[in-house]
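A.B. asks: compute the structure for the input listed below.
(chains A, B, C and D, ligands or ions: 4)
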Amino acid sequence: MFMKFLYKSASVDNVMFFIVGISVFMLVLVTSLMIFFLIRYRRKKNPDAENIEGNLMLEIIWTVIPTILVLAMFYYGWIGFRIMRNPPKDAMLVKVTARMWSWSFMYENGQKSGELNVPLNRPVKLIINSEDVLHSLFIPAFRIKEDAVPGMETYLWFLPDKTGTYDLFCTEYCGSGHHSMISKVIVMAQEDFSKWYGEKEGAGKAQDSLKIMENNGCLGCHTVDGTKRVGPGFKGIFGKEAEVITNGRERKIVIDKEYLRRSMLDPGADVVKGFPDIMPSQKGILKDEEINAIIEYIKKLK
Amino acid sequence: MTTGDREKSFYETQGRHTGILSWVLSTDHKRIGILYLTAMFSFFFVAVILGVLMRLELIAPGRTIMSATTYNAIFTVHGVIMIFLFIIPGIPSGLGNFLLPLLIGARDVAFPRINLMSWWFYITGAIVILVSLFTGGGPPDTGWTFYVPYSIKTGTNVTLAVFGVFLLGISSTLTGINFVTTIHRLRAPGMKWFRMPLFVWSLYATGWVQILATPVLGLTLLLLMSERLFGFGLFDPAKGGDPLLFEHLFWIYSHPAVYIMILPAMGAVTEIIPVFARRTIFGYKAIAFSSLAIASAGYLVWGHHMFTSGMSDIARMVFSFLTFIVAIPSGIKVFNWVASLYKGSIELVSPLLFTISFIFLFSIGGLTGLVNGALATNIFVHGTYFIVAHFHYTMFGGTAFAFFAALHYWFPKITGRMYREALAKRAWVILFTGFNVLYFPMFILGLEGMPRRYYDYLPRFQTGHFISTIGSWILATGLAIMFYNLIRSIFKGEAAGSNPWGGTTLEWTTSSPPPRENFKEIPVVTGGPYRFGKD
Amino acid sequence: MNKDNILEEKEDYEGSKMGMWLFLFTELLLFTGLFLLYSAFRSRYSDEFHTGAAELNKTMGTLNTVLLLTSSLTMALSINVIKKGQKKLSVLLQGLTVSLGLLFLVDKYFEWSEKIRHGIYPNSAELLQRGKGETIFYGLYYLMTGLHGLHVIAGIILISIMIIMTINERIHREKFVKLENAGLYWHLVDVVWVFLFPVFYLIS
Amino acid sequence: MNDNNKSITGYRIYFIVWICLLILTATTVAISNLKLGKYGALISLFIASIKASLILLFFMHLKYEGFLIKAMLLLTIMTIAIIVGLTFSDVWYRH
Ligand code: HEA
Ligand code: HEA
Ligand code: CUA
Ligand SMILES: [Cu+2]
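C.D. replies: Ligands and ions are numbered 1, 2, ... in the order given. Take a look at the predicted model:
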């Protein structure tokens, strides 16, 4: 039902060509006139200048013509934009959650993934939210971008009309991992997509703990091999004593199940000393089983 | 220097204090101007080094010389220094202070003591920012835009840095008040509004922007500080706040601020063109009014920085429309400048060279601004290197090149000496080449999808980044030569005499450097500012 | 004679006043930012703003309004009086202005401390538990009245300096622009309050 | 400095203005007790504007100022209106 190759991106590109075309023309005009005057009226050749105070006609011309040009630019830009803001009714819905520093895509059947898998030629509507700070979802190949704002839903849509793998970036600065908040858009043929979609559906529950952590972005800040990133590493912490800051006061605690659970649901309550209080709360995001699975997993990491 | 009865220049008149105090406690607008210039270029130097370090890091994918945290701090500090310490005070507070009273035939600005005070705010703010780099949680890493909620959550020393910027805001506001009052009250007898040099017009327009926009920045920063200290929650969605309102408040100031940066620059080149074309300016009134038009339209467009922020679609449309309106008066200026060369008798010396390249580079920057301003294309290029290229073309290619032009042009007036013209031209060639090699690839990178504020990038972006880094070295060479030439000439240059270029505005009627009170006798003005040749 | 001073000595009456007005405009824009936030949030949380406002002490707010309005009167009179050379009366009126300003602050102090005693202050558990709208309402309440309070303090300091200058004859019947400017500042603080008052106390 | 004194305003006018201000304060408080809902807010803002104008015109001598200061104030108020108006093009129409 939709037209040609990269339909929407083409509309952006047309606007781009239009504006850049006019701009290049204007630039060449201005520059060549300047250079011509510099040569033609150089002092050696033209020792006596002529005082020309102005010319009303010219002023009007170079006010009116640019005005018309920029209004045309505005108009095309706006038309292109209107297409971008009106997703077709039959679009496939994908919920996007951004967090420091990973993306999570949730499909209508509840399936989660860290990459955006979409079938060919079906419009996709992305509903975007953020768990912590501002992010921005950018897919250069489809010329679309929209910020992920905590506490507010934003949206985007695009028509994946060519199979392949495309880059997906975060373009709103969000901390030290901003540059690594990169994912992929994989456009696959309908059959491949159905296979992927169905296959994952059954596997939803049996995901292992590491996968849970990957899909929820924990590994953007934590590691399982003991090194520190933005947050503490998980290796060997269970049962150890740690210094945390509670309500501005330092205290010592022993890392046990309860503490780990609290760390995930209410990370601001006890902040590990030496780390910033930036971890997003997982309340309402991780299910109870998932939390338990993670705790078990951390327990075993020796 | 000529005769013995020459009036003592302001350098030789110390005033109430001696030594260094005769500078930092002086209320002489010329001394204050020089204080600004010195301080500004010191900070510029720091920020330039940071810029080059960034480029070095970006020469290849992966870690080259620094960690991600360091990189983020560096681009933040680079941006903050360049914007708030260099380019905003640059022409108005630095050159403007020195020149404004000279241009309108006054002995000083309207409030000399407040002028000194605003320098002290400036320097204190600058010091606070520098201190924030080495204390607390380390240098701020938010980008110069300080977007919430990240700027509230990060553990780095944002509060102190923001306080520093707040002080700079006060400094800028006070300068604006001072200039507007000065222009209203202290014009020499006979200098009607339409006899003022066009630089003064642009300073006047700038002054109003400083008065009416900067307080909003002040408030925004106060709010950011109090969020960090007390957690009111105005910008924290968990407490009911709204991060987009912060963006509005920030850009309500920061878009008009880009016109604080460019307007005085436009004014400065408008002084230069007629002098070297030996003819009057083309379209005096059009240029004067376009300054006011740019300043006022500048208030209407801040939302174009927020086209992808989740703002309402109606607001996006309105702001996009208004954005295009600002382009028109800028265009008027450009066309009038070009027309002012027509049938001139043009001498292509370094100030004019810098001016011509200013027009060229600013046009590129401005025209790509149109790409940013159209909705469809903005969605694509926002947050990419296309924007980085756009604003370096406008700020560096625009404002800074005009600033360099102005420095060369008024150098003999300020120091009483002449720089080496041949060397200045050579520096210009290298600077101009380096500039384009450095920033042009960024347009391409942006269109390929390279996001800004990225410490690391995918290998497919490498070519562009590599060329760009090479460009930064060429540019550095050019700047080094230029500054070498200027600094050397302060001490060793030939004496310049009071009017080496044959300028017709009032500053050239007094000796170089000017005496403490600028004019032996306040001149009486009988005609327009640019009267060459016959009449 | 030190050269630095020549230019500072001569006073430009119109110029000083223009400078002051320009400064006042910057103050207006400073508060504009806050009123902007207020109205944006109000349109989102209008019910909560009403409940919030209902809890503020209207009597105290009204009292404060009267105090400030009266202080504006005494301030205006003090300038009139100095123009006629009645130095003592002017000092007295300025003193009254300062006292009324101080009373305003005392009133504010009681208001704030009562709220704080009830556990309502930025980021307090009580407030967070009441929900988003009220958190924002009280956030704005503290910010806006707080910033206004700071201006009152600044005004009090300024006028106190004026009192000293009047006593020292540095302000007198021929030279009073400083006093006028201080007055302008004080009236502006009053104008801001005139808007703060209905916006916080009267919308319930 | 002979022309400065021309702007001496009579004592009487000050007291009248002051009394008007107090009356307006009383009115606005009284109206707020009537609970007029949405209109109440508008009315109280309207009254506040009158009060502010009184202070500006008389206490701050705006009435006796030249054209310039008035024009400048107008510019400021217009700027404020623009800032608020354009921001609300977002706030009101966000989906
Ligand atoms: C000196 C500084 C300066 C100046 C003068 C400008 C001038 C302009 N800017 Fe720029 N801008 C910045 C500094 C500046 N900018 C900065 C710092 C940022 C990024 C901030 C950040 O995010 O960190 C930015 C970002 C920015 C954006 C947001 C991009 C984004 O993040 O999504 C937009 C969008 O509209 C924009 C537009 C414009 C426009 C339309 C002009 C116009 O005023 C330009 C007008 C000039 C011309 C048009 C050229 C000359 C005219 C002719 C030769 C005549 C013929 C032309 C016609 C057909 C009209 N700018
Ligand atoms: C006026 C403003 C200005 C100027 C002049 C510059 C100058 C430079 N900037 Fe700019 N830049 C900004 C303002 C400016 N910048 C802003 C506002 C940002 C956004 C920050 C943010 O995202 O928050 C930015 C961001 C920015 C980025 C993007 C970072 C990112 O998004 O990841 C990059 C990357 O290359 C960069 C590079 C440079 C370089 C290489 C220079 C070079 O031009 C520097 C080259 C100059 C030299 C190398 C000169 C060396 C001189 C000497 C040796 C002479 C001696 C001098 C004296 C004696 C005084 N800058
Ligand atoms: Cu997420 Cu940048
Ligand atoms: Cu802008």
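A.B. asks: isn't D:Ile80 up against C:Leu29?
C.D. replies: Yes. In this structure D:Ile80 lies within contact range of C:Leu29 using C-beta atoms under 8 Å: 6.9 Å. Glycine gets a C-beta too; all of them are placed from N, C-alpha and C.
A.B. asks: so if I had to pick from the two, which one is more boxed in?
C.D. replies: C:Leu29 (25 against 19; other C-beta atoms under 10 Å in any protein chain shown).
A.B. asks: how about the more buried one, nearest residue that isn't a chain neighbour?
C.D. replies: Leaving aside its chain neighbours, C:Leu29 sits nearest to B:Pro215 (4.0 Å; criterion: C-beta to C-beta, 6 or more residues apart in numbering or on different chains).
A.B. asks: so who does the one you found touch?
C.D. replies: The contact partners of B:Pro215, by C-beta atoms under 8 Å, 6 or more residues apart in numbering or on different chains, come to B:169, B:173, C:26-30, C:32-33.
A.B. asks: closest to ligand 2 out of these?
C.D. replies: B:Gly169 (16.2 Å; C-beta to the nearest ligand atom).
A.B. asks: ok, now how distant is the closest one from C:Gly33?
C.D. replies: Distance, B:Gly169 to C:Gly33, by C-beta to C-beta, to the nearest Å: 12 Å.
A.B. asks: higher neighbour count, these two?
C.D. replies: Using other C-beta under 10 Å as the criterion, B:Gly169 and C:Gly33 rank with B:Gly169 on top: 28 against 25.
A.B. asks: how about the helices in chain A?
C.D. replies: Along chain A, counting by DSSP state H, helices occupy A:7-40, A:56-85, A:190-203, A:209-215, A:257-265, A:288-300.
A.B. asks: could you list every helix and strand in contact with the first one?
C.D. replies: If contacts are counted by 3 or more C-beta pairs under 8 Å, 6 or more residues apart in numbering or on different chains; DSSP states H and E, helix A:7-40 sits against helix A:56-85, helix B:313-339, helix B:350-373, helix B:375-381.
A.B. asks: and those: which comes nearest ligand 3?
C.D. replies: Counting by C-beta to the nearest ligand atom, ligand 3 lies closest to helix B:375-381 out of the helices and strands packed on helix A:7-40; the figure is 16.7 Å.
A.B. asks: just checking that closest one against ligand 1, any contact.
C.D. replies: Yes. Under the criterion of C-beta under 6 Å from any ligand atom, ligand 1 is reached by helix B:375-381 at B:Asn378.
A.B. asks: what about whichever helix or strand comes after that helix and chain A, touching?
C.D. replies: The first helix or strand that comes after helix B:375-381 along the chain, using DSSP states H and E, is helix B:385-392. No. Helix B:385-392 lies out of reach of chain A by C-beta under 8 Å from any C-beta of the partner chain, never closer than 9.8 Å.
A.B. asks: quick one: contacts of helix B:385-392?
C.D. replies: B:258, B:365, B:368-369, B:371-372, B:381, B:438-440, B:442-443, B:445-447, B:450-452, B:464.
A.B. asks: output it as PDB, nothing but the C-alphas.
C.D. replies: Once non-C-alpha atoms are left out, helix B:385-392 reads as follows in PDB (Å, rounded to 0.1, in the frame of the first residue of the first chain):
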ATOM      1  CA  TYR B 385      27.400  16.700  13.500                       C
ATOM      2  CA  PHE B 386      25.500  18.700  11.000                       C
ATOM      3  CA  ILE B 387      24.500  21.000  13.900                       C
ATOM      4  CA  VAL B 388      28.100  21.000  15.200                       C
ATOM      5  CA  ALA B 389      29.200  22.200  11.800                       C
ATOM      6  CA  HIS B 390      26.300  24.800  11.600                       C
ATOM      7  CA  PHE B 391      27.200  26.500  14.800                       C
ATOM      8  CA  HIS B 392      31.000  26.400  14.300                       C
END
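A.B. asks: run the chain-centre distance for it.
C.D. replies: 16 Å (C-alpha atoms, centre = their mean, to the nearest Å).
A.B. asks: likewise stretch B:44-51?
C.D. replies: On C-alpha atoms, centre = their mean, the centre of stretch B:44-51 falls 15 Å from the chain's centre.
A.B. asks: most proximal residue of the stretch 401-535 of chain B with respect to chain A?
C.D. replies: B:Gly449 (2.8 Å; C-beta to the nearest C-beta).
A.B. asks: excluding its backbone neighbours, what's nearest that residue?
C.D. replies: Using C-beta to C-beta, 6+ apart and skipping residues adjacent in sequence, the residue nearest B:Gly449 is A:Pro140, 2.8 Å away.
A.B. asks: how much space between that neighbour and A:Ser102?
C.D. replies: Applying C-beta to C-beta, the value for A:Pro140 to A:Ser102 is 19 Å.
A.B. asks: let's have the helices and strands packed on helix A:7-40 in TSV, adding mean neighbour count and distance to C:Gly15.
C.D. replies: Converted to TSV, the helices and strands packed on helix A:7-40 look like this (neighbours: other C-beta atoms under 10 Å in any protein chain shown; distance: least, C-beta to C-beta, whole Å):
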stretch	mean neighbour count	distance to C:Gly15
helix A:56-85	17	35
helix B:313-339	22	30
helix B:350-373	24	33
helix B:375-381	28	44
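A.B. asks: what's the closest of these to chain C?
C.D. replies: Among the helices and strands packed on helix A:7-40, the nearest to chain C by C-beta to the nearest C-beta is helix B:313-339 (12.4 Å).
A.B. asks: who in the stretch 1-150 of chain B is up against ligand 2?
C.D. replies: Within the stretch 1-150 of chain B, the positions adjacent to ligand 2 are B:41, B:45, B:48, B:51-52, B:54-55, B:75-76, B:78-79, B:82-83, B:86-87, B:143-144 by C-beta under 6 Å from any ligand atom.
A.B. asks: please disregard the earlier target; I meant the stretch 1-150 of chain A.
C.D. replies: Counting by C-beta under 6 Å from any ligand atom, no residue of the stretch 1-150 of chain A sits close to ligand 2.
A.B. asks: ditto for the stretch 401-535 of chain B
C.D. replies: Residues of the stretch 401-535 of chain B lying near ligand 2 by C-beta under 6 Å from any ligand atom: B:438, B:452-454, B:472, B:475-476, B:479-480, B:483.
A.B. asks: show me which pair in these is furthest apart.
C.D. replies: B:Tyr454 and B:Phe483 (30.8 Å; C-beta to C-beta).
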